[in-house]
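Enquirer: kindly return the folded structure for what I paste below:
(one chain, ligands or ions: 1)
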Amino acid sequence: MSNPSLLILAGDGIGPEVMDEVKRIITWFGEKRDLGFDVTEDLVGGCAYDVHGVPLTDATMAHAQEVDAVLLGAVGGPQYDNLDFSVKPERGLLRLRKEMDLFANLRPAQCFDALADFSSLKRDIVAGLDIMIVRELTSGVYFGEPRGIHIENGMRVGINTQRYTEAEIARIARSAFELARKRSGKVCSMEKANVMESGILWRDVVTEVHQAEYPDIELSHMYADNGAMQLVRAPKQFDVILTDNLFGDILSDCAAMLTGSLGMLPSASLGQPMANGRPKAMYEPVHGSAPDIAGQGKANPIASILSFAMALRYSFDQGAEAARLEGAIAKVLEDGARTGDLMGPEGGTPLSTTQMGDAILAALDASL
Ligand code: NAD
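Expert: The predicted model follows:
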């Protein structure tokens, strides 16, 4: 059997720095756990524009469609801010998501005990938190037609349309239920069925899929505004939260901040299963290219390394190895390893990006 294939698109700014650490972790799993990957690398974002005049070439796009998973760093930077909209770095990212049809965005909000004091909430509310937001990513109000700014009766009118088909709702519901089966078996679906017809359909279809296919899962429904309140009041009541594109955008940012630093947040975007049964998949940190610290060895690589842990779990069915990697990260944090973004008011000397990578590799060695 050949190794599974990975395409690394490190991108701009701190992207290449944090992905260098991910590459060392990938090598470790090949050497120490007999879990080899065939890794190729290519350009996306501003660096692709510099070389090719576009943020993603057709050849890179075609390659992304063929591999078992894409690992992305980050794109963008001030030098690209004035480019034409069609060739901005973000267009490369959006093209990947669209053409791979990555409709399920998974964002965990996990609070490492050692970092519980970084949360804006009290320690006991967030310590041990481990929830997953499943957000529909390719439909809803960000894509619905009609849209635009029109003139009506001499006045400007801004229009966006919230639109979901039952097929779109059913497939994201299945993603959430499948995920819940690998976790604690609980899904809470959030919409605004009290004021939106699309919310009524959302609730109906999620309930139908649940009854027909996932009776073993515990399903509850909540209005999204209440969901936002509950997330900051008592987030540990949730396990998997299922929601649409707009509410998911907001709720996942809200949940993420429960856990502290942007440098700690991974994500996965999944599509339909390919011929080999693995879903189309792209894994990336939530943060951007951080031009303010790029090239200085200050970036925290943990968000990208945790994204690779998600790849191990969701693309390659290596839950135990993903847990090993997450455990190694928890251990170095408990031992006090901190990059600059994780420094508390007490100060100290922060680790560089590479030193954090070294510490995680040492903890992985110790886990054997
Ligand atoms: P950002 O996430 O890049 O940075 C926000 C702040 O968090 C900065 O102070 C940065 O130094 C810090 N930070 C982020 N990641 C960090 C890490 N791993 N370790 C330590 N500190 C970290 O967001 P921004 O400043 O709004 O955007 C910068 C650029 O990134 C823009 O061009 C933007 O368009 C782009 N961007 C890209 C993505 C992506 O590629 N997915 C996402 C968001 C923003």
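Enquirer: show me what contacts the spatially most central residue of the chain?
Expert: In the chain, the centroid-proximal residue (CA atoms, centre = their mean) is Ser267; its distance is 1.4 Å. Neighbouring residues of Ser267 by CB atoms under 8 Å, 6 or more residues apart in numbering: Asn105, Leu106, Arg107, Tyr283, Glu284, Pro285, Val286, Ser307, Met310. For every residue, glycine as well, the C-beta is placed using N, CA and C.
Enquirer: with Thr339 instead?
Expert: For Thr339, the contact set (CB under 8 Å, 6+ apart) comprises Gly263, Lys298, Ala299, Asn300, Pro301, Ile302, Pro350, Leu351, Ser352, Thr353, Met356.
Enquirer: which ones are touching the fourth one?
Expert: Yep, that's Asn300 we're talking about. Taking CB under 8 Å, 6+ apart, one finds Val18, Ser261, Gly263, Met264, Thr339, Gly340, Asp341, Leu342, Thr353, Met356 in contact with Asn300.
Enquirer: tell me which of the contacts of Thr339 fall in helices.
Expert: Members of the contacts of Thr339 lying in helices (criterion: DSSP state H): Ile302, Thr353, Met356.
Enquirer: close to the ligand as well: tell me which of these qualify.
Expert: Taking CB under 6 Å from any ligand atom as the test, the ligand is in contact with none of these.
Enquirer: which of those sits closest to Ala322?
Expert: Distance to Ala322, by CB to CB, is smallest for Ile302 among those, at 14.1 Å.
Enquirer: grab the nearest non-local neighbour of that closest one.
Expert: Once flanking residues are discounted, Ile302 sits nearest to Met264: 5.3 Å by CB to CB, 6 or more residues apart in numbering.
Enquirer: what count of nearby residues applies to that neighbour?
Expert: Neighbour count of Met264, defined by other CB atoms under 10 Å: 26.
Enquirer: all strands for the stretch 251-368 of the chain, in order.
Expert: For the stretch 251-368 of the chain, strands defined by DSSP state E, counting those that start in this stretch occupy the ranges 266-273, 279-285.
Enquirer: and the ligand, which of the ones you listed is closest to it?
Expert: Nearest of those to the ligand, taken as CB to the nearest ligand atom: strand 279-285 at 6.0 Å.
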